[in-house]
Every structure is written in C-alpha cells, then in structure tokens.
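Asker: When you get a sec, could you give me coordinates for this:
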Amino acid sequence: MAFKQDINVFVGTRTGVFKGVKLCETVAIEKNLSGLGLNPLQDEITAAGWGDSDEKDILLGLVNQTVKVYDTELHTFTSNFNAKCGEGSIRGISRYNGSILTAVESGELNLWTEGSTPRIKQSIKTGPCIDRMRQNPYEKEIIAVGGQESDLSLWNLEAEEKCTFRAKNVPHNYLQLRVPIWVSDIAFMQNSQKIATCSRYGHLRLYDTKAQRRPVISMDIPEQALTSISACSKEHHVIVGSGTGLLMMVDLRGKGLQSNRYKGFAGGVRDIVCHPTDPYILSVSLDRYLRLHHLHSKELLQKVYLKSKLNCLLMRSDFSLKVEEEESSDEDDTLQEAPRNSGVKDSAEAAKEMDIIFSEMDSDMPNKTSKLKKIKSLESQFEGKRKPDMSSVIPQKRKKKIKK
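Answerer: Residues are numbered from 1 along each chain as shown. Here you go, the predicted model:
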C-alpha cells in the first residue's frame with residue numbers, strides 16, 4: 001500500500017507534537033504530523049496504538065483523557081473526542097471489535113463506541129494506580145494491566161468473569177520484609193501463554209498463566225528503575241530499558257541471564273519496540289533521540305534528534321531500512337540510455353584531446369634537447385675555471401716556536 005511506504009515510525013512527545021519519521025539506510029526524514037501551538041499540560045501524548053490490522057489508523061491518548069485518531073493515508077486527524085472517565089492520564093489505548101479501548105491511572109478500563117457522540121459500551125474497574133495497559137496481540141480480547149501496588153492482572157472482555165488471572169507477589173526477602181510492587185510495563189511473549197513484566201524497583205518477572213500465580217522467573221537488576229520492556233524476534237528473549245539509559249537483552253530461560261547491552265543513551269529510556277521477525281530495536285529516550293539498534297551485533301544503525309522529549313513509539317510491521325525500487329517505465333529507460341550514449345561521445349573526445357597533447361609533447365622534444373646541450377657546454381666551461389685539486393699537494397710541517 002502506498003501509505004505504508006511514506007512513514008515507517010511514529011513518535012508521541014511530551015509537548016503534544018505527533019511526529020513521523022522515515023528511516024532508511026543512509027538518511028532519516030522527520031515530519032511533524034500535528035500543529036506546534038500546543039499546551040504540554042493538556043496535549044501531552046501518553047499512549048499510542050494501532051487502530052486496525054492494516055496499520056492505517058493510529059490511536060493517541062492524551063494526558064487530559066482526549067482520544068485522537070490519525071489517518072496515515074489522508075495525513076490528517078479524522079476523529080477527536082473526550083474520553084473522560086476516572087482520574088489521571090490515559091495509560092493505554094487500543095481497538096477491539098470496532099470500538100476504542102482506553103485505560104486511565106485510576107483503574108477504569110472503558111470500551112467506547114465510535115461516532116458523532118461516543119459513549120461507554122463497557123466499563124471494568126481493574127484497580128488503583130495503573131501505569132500500563134497492554135492488549136494481547138494474539139488474543140485481542142485479553143487485556144493486561146499493572147501499576148504501583150497493583151500487580152499484573154488479565155481481563156477478558158468476552159468472558160462473564162472478567163478477571164481471568166491475578167498475579168501473586170513473591171515471598172518476603174531475607175529480612176522477612178514484603179517486596180514492593182510497581183509494574184511499569186508488560187510484554188506478551190511470542191507463541192506462548194507467558195507474560196513478562198518489569199518494575200520500577202528493578203524486578204524482571206516472567207509469568208506462566210497456566211502454571212501458577214507467582215512468577216516462574218524473577219530477576220533483580222540492582223540500582224535500575226526499569227521503565228519499558230518488549231519481546232524481540234529472538235525466542236525466549238526480551239529487551240529492557242531503564243531510567244538511567246540502560247538498554248539490554250535478557251534471556252528468560254532457567255534463572256534468567258543478562259546478555260547484550262546497547263550503548264549510546266544520555267537519558268532514560270521511555271519506550272521500546274522490536275520488530276517481530278527482523279533484528280531491529282527501536283527506542284526513544286528523554287535525551288530526545290530516536291535510536292535504531294541491531295539486535296545481534298549491537299550496532300547503532302540510526303540516530304535521529306527529534307527536538308522534543310519523547311514518550312511513546314510505534315513501528316510498522318513491514319519496517320525495513322531498504323528502499324523499495326519502483327518499476328521503471330519506458331520513458332525512464334530512454335532517459336537512462338541518453339547519458340550512456342553521451343558518455344561514449346565524451347570518451348571519444350577525451351581520446352582525441354589526449355592524442356593532441358602527446359603530439360605537442362613530441363614537437364617540443366627538439367627544443368628540450370638543444371637546451372640540454374647548452375647546459376652541458378656551460379658546465380664544461382665552469383669546470384675549467386674551478387680551483388685546482390689540493391689533495392695531491394703534500395702538506396708542510398709547521399715550525400715550532402721557541403720560547404725565549
């Protein structure tokens with residue numbers, strides 16, 4: 001589709017500006033998709049998500065609980081309504097069965113009907129202090145939420161009993177003190193029922209919803225406030241970012257193992273998106289840079305300065321750094337042939353010019369030989385006037401002076 005070839009990365013900022021970026025192998029093109037006269041206290045973009053499977057519509061959730069719908073084909077906002085319900089900003093947004101799903105900090109999970117007068121179709125109270133809401137990409141009716149002192153919980157929009165899973169905290173530590181909870185992000189693992197979460201207290205946990213309520217793997221990353229997590233194309237691995245600019249890959253097998261670390265950050269990582277099949281990692285941070293890393297080689301492939309503090313990120317599923325070559329028409333073929341013919345003419349003319357230069361060089365040779373003869377005659381005259389060689393003269397001994 002034509003609209004997919006224009007922009008392949010979309011970024012939401014703290015100032016409310018919605019940006020689009022076209023990333024290629026050699027160049028990155030940035031474009032502001034919204035106006036600049038915005039109020040950060042009301043227009044900050046706190047959540048973003050795709051509105052359909054074709055990735056044509058983009059859903060944006062603002063700090064003042066306003067929902068905007070951006071059409072990537074028409075390059076304009078097609079819908080804008082107030083989704084006021086509960087307190088706090090929108091912490092997650094998605095679409096389910098033609099309706100828009102939003103989650104706010106106070107724990108209200110609402111399903112809104114679209115139209116001239118949107119209304120609440122379904123409402124669920126999940127719990128207080130929600131930091132993140134994620135929709136299962138493989139089972140759209142499953143919603144995961146978590147936050148400060150609100151552990152991971154799964155909600156089914158179609159089931160009668162909405163809450164299908166509620167995580168249980170790990171046992172007390174070695175001092176017999178309760179381990180605090182602050183879920184900052186959630187990731188659904190590929191081709192499995194497992195879910196990974198990260199915490200502001202440095203906890204990285206993996207849950208198996210069919211096995212037990214407590215995590216099957218629990219890792220501690222000391223002195224790091226983990227802010228974002230994403231499942232990558234490598235099986236059983238996730239990418240984790242922290243508030244100190246740490247971005248690394250973690251192997252969630254056995255007891256868990258930290259592997260690759262990706263460098264270049266000067267601010268806290270805000271959001272991470274990994275390509276589902278290719279080895280690409282996209283991230284945004286508070287240093288206002290959009291970065292693209294290679295999953296295996298850890299190489300920084302692209303780095304784009306976007307002039308604003310960045311919050312959230314979207315990447316197309318067909319993302320690629322290679323530019324697709326369009327089919328050339330007959331007119332293009334004729335235009336390409338013309339330079340080739342002119343190049344042949346240019347080479348022939350150049351050969352003629354070189355022949356003229358060499359002929360002139362041959363004509364100048366007699367003058368050069370006559371000059372050389374004159375120089376040799378002058379040298380012979382000069383040698384005749386030189387001083388005699390003193391090497392054959394026997395040196396005389398000096399008489400010693402007799403002291404009186």
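
Asker: okay, and the helix or strand of this structure with the least pLDDT?
Answerer: Lowest by mean pLDDT, DSSP states H and E among the helices and strands of the chain is helix 330-363, with a mean of 49.

Asker: Looks like Gln302 contacts Thr26 (just checking).
Answerer: No: contact criterion CB atoms under 8 Å: Gln302 and Thr26 do not qualify, at 9.6 Å. (C-beta placed from N, C-alpha, C; glycine too.)

Asker: what about these two, which has more around it?
Answerer: Here Gln302 and Thr26 are compared on neighbour count by other CB atoms under 10 Å; more neighbours surround Gln302, at 20 against 7.

Asker: can you pull up the bridge partners for that one?
Answerer: Leu292 (DSSP bridges).

Asker: same deal with Arg205?
Answerer: The partner residues for Arg205, given DSSP bridges, come to Thr197, Ser218.

Asker: Spit out the contact partners of it.
Answerer: Residues in contact with Arg205 (CB atoms under 8 Å, 6 or more residues apart in numbering) are 170, 196-199, 215, 217-219.

Asker: Check Leu175 and give its pLDDT.
Answerer: Listed pLDDT for Leu175 reads 92.

Asker: Could you do Gly147 as well?
Answerer: 93.

Asker: contacting residues for it?
Answerer: By CB under 8 Å, 6+ apart, the neighbours of Gly147 are 91, 105, 127-132, 182-183.

Asker: Ok, Thr197 next?
Answerer: With CB under 8 Å, 6+ apart, Thr197 has these contacts: 146, 152, 183, 185-187, 203-205, 207, 229.

Asker: Model confidence at it, what's the number?
Answerer: 96.

Asker: Kindly report the same for Asn97.
Answerer: For Asn97, the predicted pLDDT is 89.

Asker: how about it, what does it touch?
Answerer: Asn97 touches Lys140, counting by CB under 8 Å, 6+ apart.

Asker: Apply 10 Å and report the result again.
Answerer: 111, 121, 140-141, 157-158 (CB atoms under 10 Å, 6 or more residues apart in numbering).

Asker: will you turn those into TSV that also has neighbour count, distance to Tyr70 and secondary structure?
Answerer: Formatted as TSV, those follow (neighbours: other CB atoms under 10 Å; distance: CB to CB, whole Å; DSSP: H, G, I helix; E, B strand; the rest coil):
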residue	neighbour count	distance to Tyr70	secondary structure
Leu111	18	20	strand
Lys121	16	22	strand
Lys140	16	21	coil
Glu141	14	25	coil
Leu157	18	24	coil
Glu158	11	28	coil
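
Asker: In TSV: the contacts of Gly147, plus neighbour count and distance to Thr78.
Answerer: Output for those, formatted as TSV (neighbours: other CB atoms under 10 Å; distance: CB to CB, whole Å):
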residue	neighbour count	distance to Thr78
Arg91	23	23
Glu105	19	27
Gly127	17	33
Pro128	14	34
Cys129	17	33
Ile130	25	28
Asp131	22	29
Arg132	22	27
Trp182	20	36
Val183	28	33
